[in-house]
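Q: sequence and predicted structure below; questions after.
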Amino acid sequence: MITLLTTPAERELVITRTFAAPVRRVWEAWTRPEHVRAWYGVSGLTMAVCEIDLRPGGAWRWGQRAPDGQEIVFSGTYEEIVPAERIVYSEVFEQMPGGDPVRVVLAFDATPDGGTALTSTSFWPSTEIRDQALAAGMEAGVKEQYDRLADHLRTM
């Protein structure tokens, strides 16, 4: 399956991927720490933190640690939870303090063949910040992470 990143509008980034797993399984893999720890991030780094308080107003915090000890941590707050359909949340990169959060709408849609189309639409504080993240290697990291999620879904 192909993970596709597009920039359809200023400040917007859309990531799409279809997984060969039913919506409930993809939802569970995305919302339960024991599953997130198995697929989140990129290989070569270890999971340093995985906290999920899945409710409107609840916080989340996911991060990895590099071999040199550097941590790469993202966190935010859940705004809306519609089980097995949609999660709306804020996201900040903790290593760049003081910035405005990215707002993300994550949609889980069933496909006719029983799979799941996952669409992440993020709204960035500015086009420049979004483009800097993409230039820093975000696309390769997202593609690897979604491949890891696909592998994990096969083992659930």
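A: Nice, thanks for sending it over.

Q: drop to CA atoms for contacts and neighbour counts, all remaining ones
A: Will do.

Q: can you name the next helix or strand after the longest strand along the chain?
A: With residue count as the measure and DSSP state E as the assignment, the chain has strand 71-82 as its longest strand. On the C-terminal side of strand 71-82, the closest following helix or strand by DSSP states H and E is strand 86-93.

Q: which neighbouring elements make contact with that following strand?
A: With contacts defined as 3 or more Cα pairs under 8 Å, 6 or more residues apart in numbering; DSSP states H and E, the secondary structure elements packing on strand 86-93 are strand 71-82, strand 102-110.

Q: spit out the contact partners of D109.
A: By Cα atoms under 8 Å, 6 or more residues apart in numbering, the residues touching D109 are V23, E85, T116, A117, L118.

Q: so the third one versus R17, what's the distance?
A: Computed with Cα to Cα, to the nearest Å, the distance linking T116 and R17 is 8 Å.

Q: can you list contacts of the longest strand of the chain?
A: 48-49, 54-66, 86-95, 101.

Q: now do 7 Å
A: For strand 71-82, the external contacting residues (Cα atoms under 7 Å, 6 or more residues apart in numbering) are 54-65, 87-95.

Q: now it: buried residues?
A: E71, I72, V73, F74, S75, G76, T77, Y78, E79, E80, I81 (16 or more other Cα atoms under 10 Å).

Q: what about the helix or strand of the chain with the lowest mean pLDDT, distance to the chain center?
A: Taking mean pLDDT, DSSP states H and E as the measure, helix 127-133 is the helix or strand of the chain with the lowest mean score, a mean of 94. In this view, helix 127-133 has its centroid 17 Å away from the chain centroid, taken as Cα atoms, centre = their mean, to the nearest Å.

Q: if we can go back for a sec, the more surrounded of T116 and R17?
A: Under the criterion of other Cα atoms under 10 Å, the comparison of T116 against R17 puts T116 first, with 23 against 18.
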